[in-house]
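# please find the sequence and the predicted model below.
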Amino acid sequence: MQNDKIILSVATTGSWPAKAQNPALPVTPEEIAQAAVACWREGAAIVHVHVRDDSGTMTCDPARFRRVRELIRTQGCDILINFTTSGGAGRVDETERFNSLETGPELASLDAGSMNFNERVFLNPPAFLEELARRMLAANVKPEIEVFDSGMIGNALTLIERGLIKPPLWWQFVLGVKGGTPATARSLLHLVDGLPAGSLWSVCAVGSHQLPMNMLAIAMGGHARTGLEDNLYYRRGELAGSNAQLVARLARIARECGREPATPAEARQMLGLVERGR
């Protein structure tokens with residue numbers, strides 16, 4: 001056990017969940033921003049953002065990303081903003097996935113390889129990853145290196161060796177997706193063992209795996225992500241009432257283990273980021 005600060009991330013919306021599955025899911029820019037602020041108040045230092053169009057469908061519209069950012073900042077909230085570049089795991093054209101980088105995030109996701117993702121193929125070929133990393137570097141956006149299986153660590157290391165991703169390195173292990181690494185302690189230990197020295201790593205997991213894997217990350221000295229993108233339930237048979245409810249539980253467990261949630265300012269320092277104007 002490490003008695004140190006823990007960076008809590010919240011993924012509020014995602015590309016796939018719908019309000020029909022959980023009415024608490026935020027989908028409009030106003031709802032997403034409100035959820036981010038509520039989670040910040042409960043101890044989240046990073047918000048991972050997907051946006052939806054007027055029909056509730058995933059979109060890469062930069063105006064929507066920009067609106068979410070503006071709404072968060074106008075409420076005096078300094079949470080780190082992490083915009084997705086996933087494109088909904090193959091639902092949009094590759095070039096649209098760069099759109100969010102134009103809108104001023106401090107971090108953005110970099111899905112470090114291709115995979116079978118549930119019932120579809122999530123393509124992230126080498127040329128696309130290199131271009132994405134180059135654009136992030138030019139825009140001064142730190143990659144959150146999202147790893148769904150161990151081979152993706154090697155893909156990211158290639159970009160790191162080419163100088164396209166700079167330390168400190170920030171990794172997010174996404175466990176339990178059908179087609180990816182199982183959400184088990186053995187799998188997590190294997191992934192952590194494959195990281196370069198000095199890396200910071202976080203864990204998210206889908207569905208009922210979310211809380212157990214978050215707790216394992218706390219115990220191992222890592223960081224953790226929760227939120228309705230990954231899991232719509234608070235416990236078996238009980239829908240989560242909000243993203244903030246999930247963050248509050250995780251912050252409480254972390255404190256019980258002697259790990260105080262990092263503030264956004266502390267997380268910026270840990271990640272090597274210079275705080276930007278609000």
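Here it is on my side, so go on. Residues are numbered from 1 along each chain as shown.
# need the helices for the chain, in chain order.
Ranges of helices in the chain, per DSSP state H, are 29-42, 62-74, 87-90, 126-138, 151-161, 185-193, 210-220, 243-256, 264-271.
# comparing those by mean pLDDT, which bottoms out?
The minimum mean pLDDT among the helices of the chain belongs to helix 87-90 (a mean of 66).
# re the thing from before, including distance to Ala108 and mean neighbour count, could the helices of the chain go into a markdown table?
Placement of C-beta: from N, CA and C, glycine included. Written out in a markdown table, the entries for the helices of the chain read as follows (distance: least, CB to CB, whole Å; neighbours: other CB atoms under 10 Å):
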| stretch | distance to Ala108 | mean neighbour count |
| --- | --- | --- |
| helix 29-42 | 16 | 22 |
| helix 62-74 | 10 | 19 |
| helix 87-90 | 12 | 20 |
| helix 126-138 | 6 | 17 |
| helix 151-161 | 14 | 18 |
| helix 185-193 | 21 | 15 |
| helix 210-220 | 21 | 20 |
| helix 243-256 | 20 | 20 |
| helix 264-271 | 13 | 18 |
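# distance to Ser100 for those helices - can I get that in a markdown table?
Output for the helices of the chain, formatted as a markdown table (distance: least, CB to CB, whole Å):
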| stretch | distance to Ser100 |
| --- | --- |
| helix 29-42 | 13 |
| helix 62-74 | 5 |
| helix 87-90 | 10 |
| helix 126-138 | 10 |
| helix 151-161 | 19 |
| helix 185-193 | 26 |
| helix 210-220 | 24 |
| helix 243-256 | 19 |
| helix 264-271 | 18 |
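# Asp154 and Ala112, how far apart?
You called it Asp, but residue 154 is Gly. Relative to Ala112, Gly154 is positioned 9 Å away (CB to CB, to the nearest Å).
# an error on my part: the question was meant for Val174.
10 Å.
# neighbour count winner among these two?
Under the neighbour definition other CB atoms under 10 Å, Val174 and Ala112 were set side by side, and Ala112 has more, 28 against 23.
# next up, the contacts around that one.
124, 129, 145-147, 152-153, 155-156 (CB atoms under 8 Å, 6 or more residues apart in numbering).
# in TSV, list those along with distance to Gln245.
Formatted as TSV, those follow (distance: CB to CB, whole Å):
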residue	distance to Gln245
Asn124	32
Leu129	35
Ile145	28
Glu146	24
Val147	27
Met152	31
Ile153	33
Asn155	35
Ala156	33
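# before we move on, back to that, please enumerate the shared neighbours of Val174 and Ala112.
146-147.
# which residues sit in contact with Gln75?
Contacts of Gln75 by CB under 8 Å, 6+ apart are 33, 37.
# okay, it: pLDDT?
96.
# quick check: the gap between it and Gln34.
Taking CB to CB, one finds Gln75 at 8 Å from Gln34.
# residues in contact with the residue in the chain sticking out farthest from the centre?
Centroid-distance maximum for the chain: Gly237 at 25.2 Å, with CA atoms, centre = their mean. With contact set as CB under 8 Å, 6+ apart, Gly237 has no partners.
# with just CA atoms, put stretch 247-262 into CSV.
In CSV, the C-alpha atoms belonging to stretch 247-262 read as follows (Å, rounded to 0.1, in the frame of the first residue of the first chain):
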residue,chain,number,x,y,z
VAL,A,247,-17.1,9.2,-7.6
ALA,A,248,-18.2,9.8,-4.0
ARG,A,249,-18.0,6.1,-3.3
LEU,A,250,-14.6,5.7,-4.8
ALA,A,251,-13.2,8.7,-3.0
ARG,A,252,-14.6,7.3,0.3
ILE,A,253,-12.9,3.9,-0.3
ALA,A,254,-9.6,5.6,-1.3
ARG,A,255,-9.6,7.7,1.9
GLU,A,256,-10.3,4.6,4.0
CYS,A,257,-7.2,3.1,2.5
GLY,A,258,-5.1,6.2,3.3
ARG,A,259,-5.1,7.7,-0.1
GLU,A,260,-6.5,11.2,-0.5
PRO,A,261,-8.0,12.1,-3.9
ALA,A,262,-5.7,14.5,-5.7
